[in-house]
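Trainee: no sequence on this one, just coordinates:
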């Protein structure tokens, strides 16, 4: 695999093409001294190399002035998508989007590397939508791919698949493109029915995609655009063999875009095998080599297991504290902490593998809608949570390694915002924290001992001194988890759910296309209507609108066919 790259030495130097594979040097900003006494780190103080097993050539971000003045229309994005984004208050692209759009719109393969929460979805979503024809649009009736999937987005977790599908639907609000979500934990029948009714874009997890392929329901022969998002997480969950099987069922001249926060060797090998002359894009601020977003303040405390909930309950009463995600290593711990905080008056929901898909989606909806403002989650269950206004992330238990740490604290400080990440380190985990701090180049290796009576706890996090371990009744104003209805999703069973959590999948036995489409009951289809819902106008409205010409590009080797 030969990589096409564009490297910049500074924000004022024009990009130049190169065929080499030598790493591009980046300039580090001077680091400020850390407040090691209180255990506070600002990520602006820590600039460690990105933890890649392979470091291919990169493309740095354009200057901030250029990015803030250009709109999506300036990059050639069609008016319908620009208007749909403008309706949501989105007019200017983030760095990864600004770098990706010119290359992706030319049909070239892309390896995109950017930190968690930097806006990768629209980076691949806009080119994907512009290369997809919907019902009633000019050329759709004559296209051999009409009614079949034209684009496929593969993601590691259910929550991430749902989030990406919803964001694509928002960008396609003024189009007739149909987007179907397919992932485990839900009944097969509504997903099969939605695909058979016609779908231009399929967004899903590897296990369910393969199951539908094996049932001869999902035909990928007309897919011209494939996106692999969060490839490093798919590697961690053991999905790369499944991804390779899926890619082998698609066209050889497809347009492929791969996005990953880090680039371990297995992901690089996957790209070399299935991509054609990809351009490797790496978006970061000039002089910033840290793996974490620099607007996130990091606080690290050594805490006693029996005192953690007392400390936690006071942190949750900090001035300005908004939505908060608390991470635990085990499902049992997550459930227990959620129960303890609920008993203390906090609006709390749990998210872990022992919950069915309906309960998991209930918790996420309640969190996004503000009915609860504290979400206690395990690492696997929380992958893909994308809520822009999370102000605090709390590691109730020390992460296993630096990559998990980066993914956890990436839930705050998203989309250019700021946030606070707090890590509790047990006495037994001090050595593990030292390894994480060393790997990330963080200046603190010895977290300060902290209890709920420690003065620095209140000053570090702006906590009023008169708070107690319970939330006053006058401040218990949120509706709570029970205010969000739980849906009957026709779930496929706890055992199949547990297999997907571990990175495996349950295989369906049914082979018949039509026999599998019979639902278990009408309620399953009705409750799952969002899974196969169309974006845009109804069929009757399509007949009234003037048809418009849309040129789809069949790409091979990064060039459009003549």
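Mentor: Cool, the structure landed. As the structure is a prediction and not an experimental result, all values here were calculated from the model.

Trainee: identify each buried residue in stretch 397-414, please.
Mentor: If you call a residue buried by 16 or more other C-beta atoms under 10 Å, then stretch 397-414 has these buried ones: 397-399, 402-414. For the C-beta atoms, the positions are set from N, CA and C on the backbone; glycine is no exception.

Trainee: over to stretch 301-319?
Mentor: 301-303, 308-318.

Trainee: what is the helix or strand hosting residue 195 packed up against?
Mentor: Counting by DSSP states H and E, the element that carries residue 195 is helix 188-197. Helices and strands touching helix 188-197, by 3 or more C-beta pairs under 8 Å, 6 or more residues apart in numbering; DSSP states H and E, are strand 179-182, helix 206-214, helix 522-527.

Trainee: one step back: redo the buried residues of stretch 301-319 as a markdown table? Include pLDDT.
Mentor: As requested, these are exported to a markdown table (pLDDT from 0 to 100):
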| residue | pLDDT |
| --- | --- |
| 301 | 97 |
| 302 | 96 |
| 303 | 96 |
| 308 | 97 |
| 309 | 97 |
| 310 | 97 |
| 311 | 98 |
| 312 | 98 |
| 313 | 97 |
| 314 | 97 |
| 315 | 98 |
| 316 | 97 |
| 317 | 97 |
| 318 | 97 |
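
Trainee: right, and the helix or strand after the helix holding residue 195?
Mentor: With secondary structure assigned by DSSP H and E, helix 188-197 is succeeded by strand 201-204.

Trainee: that next one pairs with which strands, parallel or anti?
Mentor: strand 151-154 (parallel), strand 179-182 (parallel) (DSSP bridges).

Trainee: just the element for residue 267, please.
Mentor: helix 265-274.

Trainee: residue 311 contacts residue 305, correct?
Mentor: No: applying C-beta atoms under 8 Å as the test, residue 311 and residue 305 come out as separate, 10.9 Å apart.

Trainee: hang on, the earlier thing: any idea how far the helix or strand following the helix holding residue 267 is from the middle of the chain?
Mentor: Downstream of helix 265-274, the first helix or strand assigned by DSSP H and E is strand 279-282. On the basis of C-alpha atoms, centre = their mean, to the nearest Å, strand 279-282 is displaced by 19 Å from the centre of the chain it belongs to.

Trainee: helices or strands up against strand 279-282?
Mentor: Using 3+ C-beta pairs under 8 Å, 6+ apart, strand 279-282 sits against strand 5-7, helix 95-104, strand 110-113.

Trainee: quick one: which of those is nearest residue 363?
Mentor: helix 95-104 (28.8 Å; C-beta to C-beta).

Trainee: bridge partners for residue 228, pull those for me.
Mentor: With DSSP bridges as the rule, residue 228 is bridged to residue 154, residue 258.

Trainee: what do you get for residue 425?
Mentor: Those that pair with residue 425 in a beta bridge, by DSSP bridges, are residue 302.

Trainee: now do it, the pLDDT please.
Mentor: Note on residue 425: pLDDT of 96.

Trainee: need the contact list for it.
Mentor: Applying C-beta atoms under 8 Å, 6 or more residues apart in numbering to residue 425 gives the contacts 300-303, 398, 433, 447.

Trainee: with distance to residue 221 added, can I get those in CSV?
Mentor: Shown next, in CSV, are the contacts of residue 425 (distance: C-beta to C-beta, whole Å):
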residue, distance to residue 221
300, 52
301, 55
302, 57
303, 56
398, 47
433, 50
447, 55
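
Trainee: nearest to residue 179 among those?
Mentor: Closest to residue 179, out of all of those and judged by C-beta to C-beta, is residue 398, at 38.7 Å.

Trainee: you'd agree that closest one is in a strand?
Mentor: No: counting by DSSP: H, G, I helix; E, B strand; the rest coil, residue 398 is not part of a strand but coil.

Trainee: count of neighbours near the closest residue in space to it that isn't next to it in sequence?
Mentor: With sequence-adjacent residues excluded and distances taken as C-beta to C-beta, 6 or more residues apart in numbering, residue 398 is closest to residue 429, at 3.9 Å. Counted by other C-beta atoms under 10 Å, the residues lying close to residue 429 total 19.

Trainee: is residue 469 in a helix, a strand, or coil?
Mentor: coil.

Trainee: so it versus residue 315, what's the distance?
Mentor: Applying C-beta to C-beta, to the nearest Å, the value for residue 469 to residue 315 is 11 Å.

Trainee: quick revisit: tell me what angle the helix holding residue 195 forms with helix 206-214.
Mentor: When axes from the mean of the first three to the mean of the last three C-alpha atoms, to 10 degrees is applied, the directions of helix 188-197 and helix 206-214 differ by 60 degrees.

Trainee: got the phi and psi for the residue of the chain positioned farthest from its centre?
Mentor: Of all residues in the chain, residue 466 has its C-alpha farthest from the mean position, at 38.3 Å, by C-alpha atoms, centre = their mean. With angles defined as degrees, to the nearest 10, residue 466 sits at phi -90, psi 10.

Trainee: okay, it: pLDDT?
Mentor: 95.
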